[in-house]
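*Asks:* no FASTA, just this:
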């Protein structure tokens, strides 16, 4: 029997095509208040930006607006902040960057204004520092002027050391806006081996970070960091995410993927965006920016804690129990790890959704209520399906040539005996095959019953 070989690039294209079939779940825009739903709808109809990208960017912007001002409590000692790691996936020209720019513009405008004020304040600071102590006293200035601090929300390409310094001056929270996310994770080892990746693993859980600066005798302590991440990535380089330890240390599982099923490139139209839409969005984010951020006598942020009301907590626990049963039945450890991170994210979604509703005047923020939990469940389901689609792409892209050939020769449905025969023809031992099948249950294969399998979207 003549052995078939598969071109690796064709394998990538095939994986992407399969993912398009899997990722047919649309972003549940109904989780947002009606004011925000209108903004998403108008931006989509006017600019033809994919709804998923607009909605995910807006979700992240709201999370950034909240920052460290509010936390949600599940039980005593367990608090979550609305930290999101978001990736907008698509082919070149899929309009990934424009929706992100729209959502982040209020923060960009704020940062620009703050930078203008900072530059003026710094010029004045330098002028005073050029004076003698006596001259400063005679002119009514402080003997030891304080160097001005630049307030901001957004950062881009920055080292963990530089980011720690900026965060120490902006304890309310920051957002890393990376137009190309690949530049973010490819640079993890640019200065030292693995420390930057560990930094982001810790930040996700809001663990205290310590930065030892070479030029200073003291360290920078950030007791509760808040740094969300959002950016775009092309489908063809998703495989880069699985390189190094990122496929085993839980880093990939922390990323929320947005991958709409786009069959055609967007067409231009003559529709103009209503004049009030951008103003409406700015007003919503400005309300978040103006949220009071309390500090204790040590200069640390004292967030407002939101609890769940009884109905909401009961519904959330019911969902978690059913979700746990799904994990118990899942044979693939990679998928289980993804599900475990989604259990964290659903709590964060509850905080974001409740405060989005409050900002738009649809509820208060005394408690997280049942409606918010129901909406968070729908959002979690969306990101679950997206994560499975991405894992499908990554798994097929990272297959070696032997595995690619075997997958290509397997029929749509097959038995263990059939798979073993095909594997032996291609030089793979039975034990290795069984491990390969088990590792890819839920990603490449579905186990129908004992000894019988099917290929997912063959």
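*Replies:* Okay, I see it. Here the structure is a predicted model, which is why all the values come from computation and not from measurement.
*Asks:* What mean pLDDT does stretch 256-270 get?
*Replies:* Across stretch 256-270, pLDDT averages out at 84.
*Asks:* low-scoring pLDDT stretches of the chain, where are they?
*Replies:* Regions of the chain meeting the criterion pLDDT under 70 cover residues 1-24, 187, 189-194, 212-218, 242-249, 263, 396-398, 442, 457-458.
*Asks:* By residue count, which helix of it is the longest?
*Replies:* Looking across the chain with DSSP state H, the single longest helix is helix 97-129.
*Asks:* in it, what's buried?
*Replies:* Of the residues in helix 97-129, those scored as buried under the neighbour-count criterion (16 or more other CB atoms under 10 Å) are 97-100, 102-104, 106-107, 110-111, 114, 118. Heads up, the C-betas are built off the backbone N, CA and C, glycines and all.
*Asks:* can you put these in CSV and add distance to residue 296?
*Replies:* Rendered in CSV, the data for the buried residues of helix 97-129 read as follows (distance: CB to CB, whole Å):
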residue, distance to residue 296
97, 39
98, 41
99, 38
100, 35
102, 36
103, 32
104, 30
106, 28
107, 26
110, 25
111, 26
114, 24
118, 25
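*Asks:* ok, those residues vs residue 321, which is closest?
*Replies:* residue 103 (34.5 Å; CB to CB).
*Asks:* Tell me if I'm right that the closest one and residue 55 touch.
*Replies:* No. Residue 103 is beyond contact range of residue 55, at 9.3 Å (criterion: CB atoms under 8 Å).
*Asks:* following the longest helix of the chain, which helix or strand comes up?
*Replies:* Proceeding N to C from helix 97-129, the next assigned helix or strand is helix 133-138, under DSSP states H and E.
*Asks:* Tell me the buried residues in that next one?
*Replies:* Going by neighbour count (16+ other CB under 10 Å), the buried part of helix 133-138 is residue 136.
*Asks:* Could you do stretch 167-175 as well?
*Replies:* The neighbour-count check on stretch 167-175 (16+ other CB under 10 Å) flags 167-168, 170-175 as buried.
*Asks:* got it, and stretch 363-373?
*Replies:* By neighbour count, with 16+ other CB under 10 Å as the criterion, the buried positions of stretch 363-373 are 363, 367-373.
*Asks:* Likewise for stretch 304-311?
*Replies:* Neighbour counts over stretch 304-311 (16+ other CB under 10 Å) mark 306, 308 as buried.
*Asks:* Which parts of this structure are strands?
*Replies:* Taking DSSP state E as the criterion, the chain contains strands spanning 70-75, 78-80, 85-89, 154-155, 174-180, 209-212, 219-222, 227-233, 256-258, 304-308, 367-368, 413-415, 445-449, 452-455.
*Asks:* closest one to residue 133 among those strands?
*Replies:* Nearest of these to residue 133, taken as CB to CB: strand 219-222 at 28.5 Å.
*Asks:* Just checking: what are the partner strands of the closest one?
*Replies:* Listed by DSSP bridges, the sheet partners of strand 219-222 and their directions read strand 209-212 (antiparallel).
*Asks:* about what we covered before: using JSON lines, please lay out the strands of the chain together with distance to residue 316.
*Replies:* Converted to JSON lines, the strands of the chain look like this (distance: least, CB to CB, whole Å):
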{"stretch": "strand 70-75", "distance to residue 316": "8"}
{"stretch": "strand 78-80", "distance to residue 316": "12"}
{"stretch": "strand 85-89", "distance to residue 316": "22"}
{"stretch": "strand 154-155", "distance to residue 316": "32"}
{"stretch": "strand 174-180", "distance to residue 316": "27"}
{"stretch": "strand 209-212", "distance to residue 316": "29"}
{"stretch": "strand 219-222", "distance to residue 316": "29"}
{"stretch": "strand 227-233", "distance to residue 316": "22"}
{"stretch": "strand 256-258", "distance to residue 316": "19"}
{"stretch": "strand 304-308", "distance to residue 316": "7"}
{"stretch": "strand 367-368", "distance to residue 316": "9"}
{"stretch": "strand 413-415", "distance to residue 316": "38"}
{"stretch": "strand 445-449", "distance to residue 316": "29"}
{"stretch": "strand 452-455", "distance to residue 316": "34"}
